[in-house]
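Engineer: What follows is a predicted structure for the sequence shown.
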Amino acid sequence: MEYQVQTATLPPSEGVAIRTVIPMDELPDFFGAAFIELHKALNAAGASVLGPPFARYFKVSPGAVDVEAVMLTDKPVAAQGRVHPIHLDGTPAAVVRYVGPYDAMKPAYDAISDWMSEHGKHPAEPPREVYLTSPTEAPDPAKWVTLVEQPIA
């Protein structure tokens with residue numbers, strides 16, 4: 001499948017996150033628990049979720065992945081337990097819409113990498129996977145919709 005790379009400006013945002021380093025095969029369990037924990041922290045702080053949850057990938061290696069589960073909020077939230085506040089600056093980004101299982105996204109990332117090379121751009125921050133479809137809402141992985149966003153400079 002050929003991917004169409006779009007550009008967008010990601011707005012500045014407040015959020016909460018949980019960051020960890022884990023084996024790749026533990027990602028589903030991590031995200032399931034982390035997004036519930038983030039949602040509870042937001043509710044306790046009287047904050048609202050703005051938009052879909054996403055992940056930022058700081059480093060991916062064969063043995064482990066340094067990943068952060070993120071939810072954007074309508075106001076800053078204090079740290080509590082594993083949950084820490086984050087601020088994301090506004091930034092231009094290369095974006096690809098991907099449909100399918102999470103473990104088959106490499107071609108979407110490759111399309112962004114090729115586009116950056118062709119346009120003289122480079123990553124400005126870790127890439128984000130914005131989960132537009134929840135596995136609990138759509139059990140068939142072939143129907144999962146994810147935006148791969150690569151902040152660029």
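Structural biologist: Ah, there it is. Numbering: from 1, shown residues only.
Engineer: show me where pLDDT drops low in this structure?
Structural biologist: The chain contains no residues with pLDDT under 70.
Engineer: What segments of it are helices?
Structural biologist: 27-45, 106-118 (DSSP state H).
Engineer: Out of the ones you listed, which is closest to Glu68?
Structural biologist: Closest to Glu68 of the helices of the chain is helix 27-45 (CB to CB; 8.8 Å). For glycine as for every other residue, the C-beta is placed from the backbone atoms N, C-alpha and C.
Engineer: Tell me the buried residues in the closest one?
Structural biologist: Applying a neighbour-count criterion of 16 or more other CB atoms under 10 Å, one finds 27, 30-31, 34-35, 37-38, 41-42, 45 buried in helix 27-45.
Engineer: In terms of secondary structure, what does it contact?
Structural biologist: Contacting helix 27-45 under the criterion 3 or more CB pairs under 8 Å, 6 or more residues apart in numbering; DSSP states H and E are the following elements: strand 13-22, strand 65-73.
Engineer: what's next to that helix, contact-wise?
Structural biologist: With contact meaning CB atoms under 8 Å, 6 or more residues apart in numbering, helix 27-45 is reached by 16-18, 20, 22, 48-49, 53, 55, 65, 67, 69-71, 73, 75, 77-78, 80-83, 102, 135.
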